[in-house]
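K.L.:
this is a predicted model, with the sequence first.
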Amino acid sequence: LISSATKSLRMETEILEKKLQDAQKKLAEKDGDKEKEIQSLKRLISELEFQLTMEKSNNESFLDKLRKEIKHKSDELEKLRQERTQLIHSLSQVQEENSLLQDTVRRECEERFELTAALGRAREQVLELRRLSGTLP
């Protein structure tokens, strides 16, 4: 009976040991798979971090270009504003000068008209004097 029970326990022990070995083997395989997955995820994380770094660098470079372009456009705009102010000032001066010239031309035309009228009257007087002097001995 003891021999049979010992034999039975040995068999059960062998079965349990085999199950234990199988479980340890599966656990080791799972650990290996997990380790592979961890390594794979670490590589993926490294690649993603590298991509993120590259994207940040590209974005910073792009932002720098945009900032430079905005500064350039701002400088151009300021230059154009100054030119516009100068042109407005020049236009104002030209309009003032034009107004003066128009006034001068108007006055000169009036003077010319008056001189022409005076010349006409003087001619008439000369003709009248000639007619009168022609009738006198």
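P.N.:
Looks like it came in fine.

K.L.:
helix or strand: which one has residue 121?
P.N.:
Here residue 121 sits within helix 2-135, counting by DSSP states H and E.

K.L.:
what about that helix, distance to the chain center?
P.N.:
Mean-position distance between helix 2-135 and its chain equals 1 Å (Cα atoms, centre = their mean, to the nearest Å).

K.L.:
burial count for residue 89?
P.N.:
10 (other Cβ atoms under 10 Å). C-beta: built from backbone N, CA, C; applies to glycine.

K.L.:
got it, and residue 56?
P.N.:
10.

K.L.:
show me what contacts it?
P.N.:
If you count contacts by Cβ atoms under 8 Å, 6 or more residues apart in numbering, residue 56 has none.

K.L.:
okay, it and residue 93: tell me how far apart.
P.N.:
Relative to residue 93, residue 56 is positioned 55 Å away (Cβ to Cβ, to the nearest Å).

K.L.:
what of residue 124?
P.N.:
46 Å.

K.L.:
before we move on, what about residue 68?
P.N.:
37 Å.

K.L.:
then residue 44?
P.N.:
72 Å.

K.L.:
now swap in residue 10 and tell me
P.N.:
121 Å.
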